[in-house]
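model the following, please.
(one chain, ligands or ions: 2)
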Amino acid sequence: MNLVVVSNRVARGKPNEPMTGGLAAALLPVVEYSGAIWVGSSGRVRDGHQKEPFAEIEALGSGAIATLDLPSAHYGGYYEGFANSALWPALHSRSDLIRVSRDDYVSYREVNAFMARALMRFRKPQTAFWVQDYHFLALGAELRDLGVDDPIGFFLHTPWPVAAVMQGVPNHRELITAMLAYDLLGFQTEEDRQNFIAYASGELGLIIDDGVVLSQHGRTRCEVFPIGIDAEKFAAYAAKSASHPDVSRLRRSLNGERLAIGVDRLDYSKGLVNRISAFDRLWTDQPQLARSISLLQIANPSRGGIEAYGNLQNEVARLVTDVNGRHGEVDWTPIRYLNKGFSQAVLAGLYRTAQVGVVTPLHDGMNLVAKEYVAAQNPGDPGVLVLSKFAGAANELDTALLVNPHDIDGMARAIAVAAAMPLTERKMRWEAMMKTLRGHTIQQWSSDFVAELEKCRTEKVGAAPLAAQPPQALRWLKSAISGVRLI
Ligand SMILES: O=P(O)(O)OC[C@H]1O[C@H](O[C@H]2O[C@H](CO)[C@@H](O)[C@H](O)[C@H]2O)[C@H](O)[C@@H](O)[C@@H]1O
Ligand SMILES: O=c1ccn([C@@H]2O[C@H](COP(=O)(O)OP(=O)(O)O)[C@@H](O)[C@H]2O)c(=O)[nH]1
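Ligands and ions are numbered 1, 2, ... in the order given. Now for the predicted structure:
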């Protein structure tokens, strides 16, 4: 099978560089080992009147990576506009942050159509397309318009919210109807899948048959595929990280003090303000813990051109300065706050150095940092994960200390409990999480999705699309369930 993977963000196989986000981090080993071709944005733009989209192709393990310059007239409206100022806030249940214009939607659709045209050159017999994330909700429909009848699957890395929130996205009906051109829709959690199905049935009036949405496009299967990590790789990185200068300098600087670590993109979904407020509360309510536990917060700048992100960057910087100013001492800094990224090999050593991992997003599709923190621990003396119950990872890592990220007092208490937890309890919790991580690797995630996608090829043979079925079959379906509408 010729597998074509598509995403906006791609990663290049450079082991000493930080990854930008979990999608790129996760897909890199998938493409390296599966032999797929991975198509995405080069991050550069070019005049949109190109006859043939400009692509640079390079080898990536047994696969390849093709990066495209996206059309300059539409890039802003697509990436900073519709994708990250309408869809991203909605998908993370932040309707208050939706900022969008009509032109943004047009640009979003233009870039989806552009990508579809660009993909045609990678199509061979027995191709399957696997599209990633909210940047390309309409790409499947654009490929169908170009005559593609191969299996096309889509995986959403973010949450899918309740219908009332999606209704706040301009053109939501048209867009979500377009999603039904995909044969397979993958979600991180059962809650996300249920929310999507509830929208398809409640808002679009479609029939749902055992997790399959029936529409004018045919059958769209909705399934849950929680994304995993290569736990053994992180364990190996962590075991040999002590000699890395950043890791050894951090260890020397601690003088027996306990360390908590947070690693996030600077994104309002990550709950940084509440987390820092929880540390503030901890040091205020339990002053004996000052000097005994500090926080290393790595906050990689993200989507800096968008106002909400600029505001957040200022707010977090002010808060860190305020907290350090009030709790700091001449020889003690409560929060070390870094606006830069580290390679995963270094991150693994930083994770292992910290007795507490704090992963407290307000909403997160999965959160791979939570899984990486666990995988990097020393089996003989593991740290404790404090994890938001609103991260997708909480479904699997249920022996972490689960917290409500809106409850500042509760988080402060959980951090104190984590820092003081006896070894036997730490080991018990950690071993249960490691078992889960080893059982759901990134390779397993990808092979499960691709196997399901391949089944769609077999199912398609002989099955006419719903719209092409005899009228009496449609009439029967309609009358069988009253009050539903086939679009
Ligand atoms: O590409 P950017 O705009 O710089 O953003 C980075 C990525 O952020 C999001 O990552 C998500 O995918 C992770 C892996 O499945 C998941 O753990 C996390 O919860 C998600 O937030 C976004 O979905 C990606 O498209 C971006 O590339
Ligand atoms: O300095 C950094 C910070 C993060 N990451 C990687 O970026 C990904 C972040 O993924 P996550 O799912 O936690 O969040 P996202 O940023 O995708 O929302 C993880 O694989 C991290 O190892 C990295 O390589 N260097």
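
ok, now which ones touch whichever residue of the stretch 151-300 of the chain sits closest to ligand 1?
The nearest approach of the stretch 151-300 of the chain to ligand 1 comes at H157, 3.4 Å away (CB to the nearest ligand atom). No exception for glycine: its C-beta is placed from N, CA and C like everyone else's. For H157, the contacting residues are G22, L23, Q132, D133, Y134, Q188, I227, G365, M366, by CB atoms under 8 Å, 6 or more residues apart in numbering.

restrict these to contacts with ligand 2.
Checking those against ligand 2 by CB under 6 Å from any ligand atom, the ones in range are G22, L23, M366.

quick one: the last one is in a helix?
No - with DSSP: H, G, I helix; E, B strand; the rest coil as the criterion, M366 is coil rather than part of a helix.

can you offset everything so residue one is 384?
Let's use 384 as the start, then, which means that last one is M749.

what's the closest non-adjacent residue to the residue of the chain found nearest ligand 1?
With CB to the nearest ligand atom as the measure, G404 is the residue of the chain nearest to ligand 1, at 2.4 Å. What sits nearest to G404 in space, not counting adjacent residues and going by CB to CB, 6 or more residues apart in numbering, is R392, at 6.0 Å.

what residues does the stretch 384-533 of the chain put near ligand 1?
R392, T403, G404, G405, L406, A407, A409, D516.

just give the nearest non-adjacent residue to the fourth one, would you?
Across the structure, with CB to CB, 6+ apart as the measure, the residue nearest G405 apart from its sequence neighbours is L751 (4.1 Å).

pretty sure that neighbour contacts I612?
Yes - applying CB atoms under 8 Å as the test, L751 and I612 come out as touching, 5.7 Å apart.

what about whichever residue of the chain sits closest to ligand 2, how many neighbours?
Closest approach between the chain and ligand 2, counting by CB to the nearest ligand atom: G405, at 2.5 Å. Using other CB atoms under 10 Å, G405 has 21 neighbouring residues.

again, but for R395
11.

which residues does it contact?
R395 neighbours (CB under 8 Å, 6+ apart): E441, L443, I448.

can you flag which of these belong to strands?
E441, L443, I448 (DSSP state E).

which one of the residues you listed is nearest R641?
L443 (39.9 Å; CB to CB).

may I have stretch 459-466 exported as CSV, CA atoms only?
Output of stretch 459-466 as CSV, limited to C-alpha atoms (Å, rounded to 0.1, in the frame of the first residue of the first chain):
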residue,chain,number,x,y,z
GLY,A,459,-2.4,34.1,7.0
GLY,A,460,-6.2,33.6,6.7
TYR,A,461,-5.8,29.9,6.8
TYR,A,462,-3.2,29.3,9.5
GLU,A,463,-3.4,32.3,11.9
GLY,A,464,-7.0,33.0,10.8
PHE,A,465,-9.5,30.2,10.4
ALA,A,466,-7.4,27.3,11.8
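
widest-spaced pair of the residues of the stretch 384-533 of the chain next to ligand 1?
Checking these with CB to CB, the most distant pair is T403 and D516, at 13.2 Å.

so these two - more neighbours on which side?
Neighbours per residue (other CB under 10 Å) separate T403 from D516, with D516 holding more: 21 against 16.

on that earlier part again, just the buried members of the ones in strands among the contacts of R395?
Neighbour counting with 16 or more other CB atoms under 10 Å marks L443, I448 as buried within the ones in strands among the contacts of R395.

and the residue nearest to A731 when sequence neighbours are not counted, how many neighbours does it have?
Once flanking residues are discounted, A731 sits nearest to Y620: 3.6 Å by CB to CB, 6+ apart. Neighbour count of Y620, defined by other CB under 10 Å: 24.

over to the one 3 residues further on?
When counting by other CB under 10 Å, one arrives at 11 neighbours for K623.

rewinding a little: wait, the residue of the chain closest to ligand 1 touches R648, no?
Yes - G404 lies in contact with R648 (CB under 8 Å); the separation is 6.4 Å.

could you tell me which residues touch both of the two?
Joint contacts of G404 and R648 (CB under 8 Å, 6+ apart) are S685.

what's the closest residue to G766 other than its chain neighbours in contact with, if anything?
Nearest residue to G766, sequence neighbours excluded (CB to CB, 6+ apart): Q738, at 4.7 Å. The neighbours of Q738, taking CB under 8 Å, 6+ apart as the test, are R641, L642, A643, I676, G766, V767, A801, A802.

out of the residues you listed, who's the most crowded?
Neighbour counts for the contacts of Q738, by other CB under 10 Å, peak at V767, which reaches 28 neighbours.

and for the longest helix belonging to the chain, what are the contacting residues?
In the chain, taking DSSP state H as the definition, the longest helix is helix 690-710. The list of residues contacting helix 690-710 from outside it, by CB under 8 Å, 6+ apart, reads 468, 472, 480, 482, 649-651, 655-656, 659-660, 662-663, 666-667, 673, 680, 682, 684-687, 716-718, 720, 722.

among those, which are in strands?
Q680, A682, I718, Y720.

could you work out the most separated pair of those residues?
Going by CB to CB, the pair spanning these furthest: A682 and I718, at 10.6 Å.

may I have the phi/psi pair for the residue positioned nearest the centre of the chain?
Nearest to the mean C-alpha position of the chain, by CA atoms, centre = their mean, lies H540 at 3.9 Å. Phi and psi for H540, reported as degrees, to the nearest 10, are phi -80, psi -20.

relative to R477, how far out is the residue lying closest to N683 once chain neighbours are set aside?
Computed as CB to CB, 6+ apart, the closest residue to N683 that is not its neighbour in sequence is G724, at 4.6 Å. When distance is defined by CB to CB, to the nearest Å, G724 is 24 Å away from R477.
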